[in-house]
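Student: predicted coordinates and the sequence they were generated for:
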Amino acid sequence: NLNRYVTVNATTEPLSENLVKGHNCLVLTDWQREEEIKKWSAFCHSNKVKFIYSDVRGIFGILFTDFGEDFVIKDATGEESVRFNISNITNAKRGVVSSPKGKGHGFQQGDNVKFEGVEGMTEVNGKTFKAKVYDDRHLVISDTTKYGKFINTRNTAVAIQVKPSQKVSYLPFTEAIKSPKFEISEFVNPDIHAQTIILFLGYQRCVADSCKVTAEELVEKCIEVNKELNIVDTVSDYLVKKFSDTCESVISPMAAIFGGFAGQEVLKAITGKFTPLNQFFALGYTSATPEKVVFEPKGDRYDPYRRIFGNEQQEVIRNLKYFMIGAGALGCELLKNWALMGVSTGENGRITVTDMDKIEISNLSRQFLFHEKDVGKMKSNAAAESVLRMNPKLNIIPQTYRLARDTVQD
């Protein structure tokens, strides 16, 4: 429904080596057994299949990537290549390329340069040269003494930045975990990343032994893992307790965050564009939960949230009143999460969303509450219809007014 041009095949057969070999990338989600994760990571590594593993438990999440040996990053930033008009190229042992007065070239040291539309010195057209940044207006390239003399009567000469590719080698899960490299995103508590990796490794060993994970067993397994790998100085009892209390829940916001990250890594793996994560990424949103949580299950779709936030906080969530201006890309994501979490489903809860825009074809690339059949409809109306299919108990009022003094209502 999201995109009819994408071919999707589903299978319920056991995961096999032949099936995996037929793909560029394997993504494992919700796999909880350490040996299975290690097995498929090793298989993919030796068969040149990109490997991604991700899991979320309560307020904790982990992501691991292995793109094999000698993976080529073709474009580390994904930004459009810099280009500038050329005012002159000298004939010299070290040819100097000049941009017009008052205009810099915008190149970085290490960039290469390609030429197009050059008159006179036509030998350089279509070729790539190593470039050295001399100053803001000048680049130095190789010997140009044997080339024709540069002229610029038509003003068509252009220099285009060619970004250098990078080769990076990755380790399979079994090796990478011995000295994990990870992205730092929580600067207030940087230790949370390493602790979270330990928690997931300990959890995987607990699951291998029993379907019910207790705090006592998790502490034991986490200490066992850390003795083997020496990732952290001391396993945090506080984090172990938080993890064991919430690991039976998988909630929408955490799934959205790590699903988004995993999706980005797939694109990097296949295209070579942008810089991949440094193998591990882990988060623990401990500050999002109350210190004291009272959980009494009610047997409905919100019990996973009650387990994390407590019954009292879930009632607050269900009776929130939100006014959203704009139902575009971010608006769609927020509304989806609110619907799945039960935001504004209570007797006093209400979401009012207003957007004056109609849905266009170009919106379908990023505003996933809308489909081809919705093109031409008002965004707020279509968004409300879509989230009500996810959760019919959502109290949502779509509007098409602009935000202004003359549209203020009591």
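Tutor: Arrived safely, thanks for sending.
Student: for the stretch 201-350 of the chain, give me the ranges with low pLDDT.
Tutor: Applying pLDDT under 70 to the stretch 201-350 of the chain picks out residues 211.
Student: in it, which spans are helices?
Tutor: 215-229, 237-246, 252-271, 303-309, 311-318, 329-341 (DSSP state H, counting those that start in this stretch).
Student: mind listing what the most centrally placed residue in the chain touches?
Tutor: By CA atoms, centre = their mean, the chain has its centre lying nearest to residue 261, at 2.5 Å. By CB atoms under 8 Å, 6 or more residues apart in numbering, the contact list for residue 261 reads 54, 63, 277, 281. In short, each C-beta sits where N, CA and C put it, glycine included.
Student: for residue 44, same thing?
Tutor: Contacts of residue 44 by CB under 8 Å, 6+ apart are 20, 26, 50, 51, 66, 68, 172.
Student: name the SS class of residue 383, please.
Tutor: When classified by DSSP: H, G, I helix; E, B strand; the rest coil, residue 383 comes out as helix.
Student: do I have it right that it meets residue 330?
Tutor: No - the criterion here is CB atoms under 8 Å, and residue 383 misses it with residue 330 at 11.6 Å.
Student: these two: who's more crowded?
Tutor: Per other CB atoms under 10 Å, whichever of residue 383 and residue 330 has more neighbours is residue 383, with 29 against 12.
Student: from residue 136, how far out is the more buried one?
Tutor: As judged by CB to CB, to the nearest Å, residue 383 and residue 136 stand 47 Å apart.
Student: same thing with residue 176?
Tutor: 42 Å.
Student: residue 270 now?
Tutor: 37 Å.
Student: output stretch 117-131 in CSV, but only the C-alpha positions, please.
Tutor: Provided in CSV are the C-alpha atoms of stretch 117-131 (Å, rounded to 0.1, in the frame of the first residue of the first chain):
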residue,chain,number,x,y,z
GLY,A,117,33.2,22.5,-20.8
VAL,A,118,36.8,23.7,-20.9
GLU,A,119,37.9,25.4,-24.2
GLY,A,120,41.4,25.3,-25.5
MET,A,121,42.7,23.0,-22.8
THR,A,122,40.2,20.4,-23.9
GLU,A,123,42.4,17.5,-22.8
VAL,A,124,41.2,17.9,-19.2
ASN,A,125,37.5,17.5,-20.0
GLY,A,126,36.0,14.4,-18.5
LYS,A,127,39.2,13.6,-16.6
THR,A,128,39.6,13.4,-12.8
PHE,A,129,42.7,15.0,-11.2
LYS,A,130,44.1,14.9,-7.7
ALA,A,131,43.6,18.4,-6.3
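Student: what are the buried residues along it?
Tutor: 118, 119, 120, 121, 124, 129, 131 (16 or more other CB atoms under 10 Å).
Student: next: stretch 189-197.
Tutor: For stretch 189-197, by 16+ other CB under 10 Å, it's 192, 193, 194, 195, 196, 197.
Student: which ones are touching the fifth one?
Tutor: Put plainly, it is residue 196. Per CB under 8 Å, 6+ apart, neighbours of residue 196: 60, 61, 62, 239, 282, 283, 284.
Student: is it fair to say the second one lies in a strand?
Tutor: This means residue 61. Yes - Residue 61 forms part of a strand when assessed by three-state DSSP.
Student: what is the end-to-end distance of stretch 70-81?
Tutor: Distance across stretch 70-81, first residue to last, is 24 Å (CA to CA, to the nearest Å).
Student: which residues touch that stretch?
Tutor: 160-163, 165-170, 271-276.
Student: one more pass at 7 Å, please.
Tutor: For stretch 70-81, contacts defined as CB atoms under 7 Å, 6 or more residues apart in numbering pick out 160-161, 163, 165-170, 272-275.
Student: out of those, which is most surrounded?
Tutor: Of the contacts of stretch 70-81, with other CB under 10 Å as the count, residue 170 tops at 22 neighbours.
Student: how about that one, nearest residue that isn't a chain neighbour?
Tutor: Spatial nearest neighbour of residue 170, excluding adjacent residues (CB to CB, 6 or more residues apart in numbering): residue 66 at 4.5 Å.
Student: still on that earlier bit, quick check, nearest of the buried residues of stretch 189-197 to residue 85?
Tutor: Checking the buried residues of stretch 189-197 against residue 85 with CB to CB, the nearest one is residue 193 at 46.2 Å.
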